[in-house]
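S.K.: How does the following fold in three dimensions:
(one chain, ligands or ions: 1)
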Amino acid sequence: MALQMPRVIQRPSPNYTPTPIKHDLLIAHMTEGGYAGSVAWLCERAAQASAHLCMSEDGGEVSQLVPLQFKAWAQCAFNSRGVSLEIPGRTAAGIPEARWRAAALIFGWLCVAYDIAPVWAKDGQGRGLCQHHDLGGAGGGHVDCSTIGSPTWLTFVGMVQAARDEFARAPGLPPCLLHGLPNPHQVELPPDVPPTPSHGGAARVEPGSTPLPHPTASGYPHGSVADLQWRLIKAGYPVGPAGADGFAGDLTRAALAAFQKARGLYPAPWPKVWQALDAATN
Ligand SMILES: [Zn+2]
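M.R.: As a prediction, the model looks like this:
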């Protein structure tokens with residue numbers, strides 16, 4: 001049976017450090033709020049927190065907030081270890097089984113992509129998957145998700161194993177954009193809802209991490225399509241008659257490609273492109 005991966009939307013958060021991570025842990029978090037509000041919060045600089053991925057309640061959509069090769073600010077001392085996934089829900093209420101299954105699909109896919117065994121890395125020791133709760137004080141001291149070693153958690157680990165096995169049997173991983181850096185045409189604005197401070201708003205940035213030097217000179221949210229368009233126009237690459245309208249159509253994509261090619265940045269890591277755009281527009 002073919003597994004259906006969720007739709008991935010790139011919603012770049014400014015809250016990350018552009019240094020490579022190890023990819024030996026997959027870390028499950030609970031948002032303590034809804035999907036849209038959590039994404040809106042984690043895309044705000046004031047949050048000083050992020051996660052690589054946040055999935056929707058029905059599992060049909062994933063917002064990628066941070067490129068998978070870089071540090072998200074999700075679990076303090078463990079930020080350099082792996083990929084963080086925010087699962088919408090509240091610890092007190094628990095997570096419905098269908099949502100656990102949707103999360104297991106994402107983790108199963110990542111297990112294959114990064115060659116991580118679908119086993120419980122208790123306390124964050126070794127290679128595998130764990131809950132934020134597992135990581136203790138060094139990980140930010142959050143006790144979200146289920147109790148460590150609870151039947152719910154062990155069932156989830158089994159679901160990830162099943163998903164990983166299913167993916168491993170298939171001729172190849174189903175196409176999914178999780179792996180890649182954001183392309184401009186995939187970038188969308190954060191949901192237009194009031195931000196919900198995740199985890200009660202507790203800081204998850206590790207000591208010494210600083211935001212990328214991206215001033216919001218454009219007046220648009222950092223990393224948003226309109227911000228990108230404003231910078232392209234200023235750099236001399238018009239994006240079409242509508243200007244910075246927030247819609248990344250063919251003309252915007254062509255303008256970005258032209259900018260990148262002119263600077264020898266095609267292809268190039270997303271932060272590098274942003275650095276070049278910053279340099280050209282500030
Ligand atoms: Zn967490």
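
S.K.: can we go C-alpha only for contacts and neighbour counts from here?
M.R.: Will do.

S.K.: so what's residue 15 up against?
M.R.: Taking CA atoms under 8 Å, 6 or more residues apart in numbering, we find residue 15 in contact with 42-45, 47-50, 66, 72-73, 211-212.

S.K.: and the residue in the stretch 1-150 of the chain that the ion sits nearest to, helix, strand or coil?
M.R.: Residue nearest to the ion within the stretch 1-150 of the chain (CA to the ion): residue 29, separated by 3.9 Å. Secondary structure assignment for residue 29 (DSSP: H, G, I helix; E, B strand; the rest coil): strand.

S.K.: Residue 264 versus that one, what's the distance?
M.R.: Going from residue 29 to residue 264 by CA to CA, to the nearest Å gives 38 Å.

S.K.: Who has more neighbours out of the two?
M.R.: Neighbour count, other CA atoms under 10 Å: between residue 29 and residue 264, residue 29 has more, with 29 against 11.

S.K.: Look up the closest residue to the more buried one, ignoring the ones flanking it.
M.R.: Residue nearest to residue 29 in three dimensions, not counting chain neighbours: residue 86, with 4.7 Å by CA to CA, 6 or more residues apart in numbering.

S.K.: In a helix, that neighbour, correct?
M.R.: No: assessed by three-state DSSP, residue 86 does not belong to a helix; its assignment is strand.

S.K.: shouldn't it be in contact with residue 56?
M.R.: No: at 9.1 Å, residue 86 does not count as touching residue 56 under the criterion of CA atoms under 8 Å.

S.K.: So these two - more neighbours on which side?
M.R.: residue 86 (27 against 22).

S.K.: Over to residue 77: give its phi and psi.
M.R.: Backbone torsions of residue 77, given as degrees, to the nearest 10, read phi -60, psi -20.

S.K.: That one contacts residue 137, doesn't it?
M.R.: No: contact criterion CA under 8 Å: residue 77 and residue 137 do not qualify, at 9.0 Å.

S.K.: Please, which helix or strand holds residue 206?
M.R.: For residue 206, there is no helix or strand it lies in under DSSP states H and E.

S.K.: residues contacting it?
M.R.: Applying CA under 8 Å, 6+ apart to residue 206 gives the contacts 73, 75, 76, 77, 79.

S.K.: so what's the last one up against?
M.R.: When the contact criterion is CA under 8 Å, 6+ apart, the partners of residue 79 are 21, 71, 72, 73, 206.

S.K.: Farthest-apart pair in those residues, please.
M.R.: 21 and 206 (13.6 Å; CA to CA).

S.K.: Contact residues of the stretch 1-150 of the chain facing the ion?
M.R.: 29, 132 (CA under 5 Å from the ion).

S.K.: Of all the helices and strands in the chain, which has the lowest average confidence?
M.R.: The weakest-scoring helix or strand in the chain, judged by mean pLDDT, DSSP states H and E, is strand 16-20 (a mean of 79).

S.K.: and residue 70, what are its bridge partners?
M.R.: Judged by DSSP bridges, the bridge partners of residue 70 are residue 20.

S.K.: just residue 54 next, same as before
M.R.: Going by DSSP bridges, residue 54 is paired in beta bridges with residue 63, residue 86.

S.K.: just to revisit the earlier point, okay, residue 77 and residue 137: which has more neighbours?
M.R.: Ranked by neighbour count (other CA under 10 Å), residue 77 and residue 137 place residue 77 first, with 17 against 13.

S.K.: How about the contacts made by the more buried one?
M.R.: By CA under 8 Å, 6+ apart, the contact list for residue 77 reads 138, 139, 140, 206.

S.K.: From these, which one has the minimum pLDDT?
M.R.: Looking at the contacts of residue 77 by pLDDT, the weakest one is residue 206, with 76.

S.K.: Could you measure from that one over to residue 84?
M.R.: Per CA to CA, residue 206 is found 14 Å from residue 84.

S.K.: quick one on the thing from earlier: pull the contacting residues for the residue nearest to residue 29.
M.R.: With CA under 8 Å, 6+ apart, residue 86 has these contacts: 28, 29, 30, 31, 51, 53, 54, 55.

S.K.: Please name the nearest non-neighbouring residue to the third one.
M.R.: The shortest distance from residue 30 to any residue that is not its chain neighbour, by CA to CA, 6+ apart, is 4.8 Å, and that residue is residue 87.
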